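Trainee: Build me a model from this:
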Amino acid sequence: MADVKIFRVQGRMLLSHDSMPQWRKFTLDIRALKKEDAVEKAYSELGSRHKLKRMHIRIESVKEVSPEETVSKYARELENLAGWTR
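Mentor: Take a look at the predicted model:
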């Protein structure tokens, strides 16, 4: 079984691309098996939250971080989960 890692995806997104365009920085901590999966998840989340197309998202860096370094409470709690209970 593959280990799930936490990746920090950083970049810029173009908000209000029609009236007054602004490139804003973003940082996402995403759980994934590999970097490519983390990038796809970042595109999916930003597109869903902000109604952005992929051409309006510029990913600048993707790096693996430890669970202690993550700012995402969700990712940290999932990392510490011992197992499923019924």
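Trainee: the longest helix in this structure is where?
Mentor: Scanning the chain for the longest helix, with DSSP state H as the assignment, gives helix 35-50.
Trainee: list the buried ones in it?
Mentor: By 16 or more other CB atoms under 10 Å, the buried positions in helix 35-50 come out as 38-39, 41-43, 46. (Glycine included, C-beta is placed from N, CA and C.)
Trainee: Including distance to residue 29, could the residues you listed go into JSON lines?
Mentor: As requested, the buried residues of helix 35-50 are exported to JSON lines (distance: CB to CB, whole Å):
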{"residue": "38", "distance to residue 29": "9"}
{"residue": "39", "distance to residue 29": "13"}
{"residue": "41", "distance to residue 29": "11"}
{"residue": "42", "distance to residue 29": "10"}
{"residue": "43", "distance to residue 29": "15"}
{"residue": "46", "distance to residue 29": "14"}
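Trainee: quick one: which of those is nearest to residue 26?
Mentor: Compare each of these with residue 26 using CB to CB and the shortest gap goes to residue 46, at 6.9 Å.
Trainee: For that closest one, list the residues it contacts.
Mentor: Residues in contact with residue 46 (CB atoms under 8 Å, 6 or more residues apart in numbering) are 13, 26, 28, 52, 57.
Trainee: Tell me, what's the model's pLDDT at it?
Mentor: pLDDT, residue 46: 96.
Trainee: Next: residue 68.
Mentor: With respect to pLDDT, residue 68 scores 85.
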